[in-house]
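Asks: sharing a model prediction with you, sequence too.
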Amino acid sequence: MKRERKSQANILARECIAQALLQLIKEKPLSAITVSELTQRAGVSRMTFYRNYRSKEEIFSLHLRDIFIKYEEEDRQQQLKGIYYDRAHMLHCFKYWYEYREFFDGLIHCGFGNIFLDYLTQYVQQKWLDETASPKEYYKLSGFAGALYNIYISWASGGYRESLDEIAGVLDSIYGT
């Protein structure tokens, strides 16, 4: 029980640190943000920061990992059938990302969009490749992950004007479901 409380407190501290970083990067460049300033904004100690992270940049990576873990759990619970590029999967994907748009926007604003692309590519390949997959399938899925990423970036930079259904439709038109 004590370990569970400690774990919950740690999760909360990490969330506070990530939210504080998102606030601060709206005010100044990441390189100008100090750990002291970050922990003060988050309401945690410097010791808590260093127990969880080695650098400010690692906040993005670990928070993104947590977002993808939650996505994977949610995806598994939905038990969606079909192929990776079908409308149901795309609607779920973009809806989920839209919920985390503040984080993704901050990540991209700081020049760490490549971390998002790396996690996305790993997730797509892990979910849709099996041990019998050909190199061609590997490349197709890598390209698909890149398309997802770039469509999201374009959607975000346009202010999310299009509906989720319209964005999913873009992939429909590319992959032809």
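Replies: Now that the structure is in, tell me what you want to look at. Numbering: from 1, shown residues only.

Asks: tell me the buried residues in stretch 144-151?
Replies: Along stretch 144-151, the positions that meet the burial threshold by neighbour count (16 or more other CB atoms under 10 Å) are 144-145, 148-149, 151. The C-beta positions use only the backbone N, C-alpha and C, and glycine is treated the same way.

Asks: low-scoring stretches of this structure, by residue?
Replies: For the chain, applying pLDDT under 70 flags the ranges 1-6, 80, 177.

Asks: could you pull out the helices in it for me?
Replies: With helices called from DSSP state H, the chain shows them at 2-24, 35-42, 46-52, 56-78, 87-99, 101-109, 113-128, 135-157, 164-175.

Asks: returning to what we had before: can you list the buried residues of stretch 144-151 in a markdown table and add distance to residue 173?
Replies: Below are the buried residues of stretch 144-151 laid out as a markdown table (distance: CB to CB, whole Å):
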| residue | distance to residue 173 |
| --- | --- |
| 144 | 14 |
| 145 | 18 |
| 148 | 14 |
| 149 | 17 |
| 151 | 11 |
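
Asks: the residue nearest to residue 167 when sequence neighbours are not counted: neighbour count?
Replies: Of all residues not flanking residue 167 in the chain, residue 94 sits nearest, at 5.1 Å (CB to CB, 6 or more residues apart in numbering). Burial of residue 94, expressed as a neighbour count using other CB atoms under 10 Å, amounts to 24.

Asks: would you map out the domains in this protein?
Replies: Structural domains assigned to the chain are 1-53, 56-177, following automatic domain parsing.

Asks: just how off-centre is the last one within its chain?
Replies: Between the centre of domain 56-177 and the centre of its host chain there is 8 Å, according to CA atoms, centre = their mean, to the nearest Å.

Asks: surely the residue nearest to residue 167 meets residue 165?
Replies: No: under the criterion of CB atoms under 8 Å, residue 94 is not in contact with residue 165, lying 9.3 Å apart.
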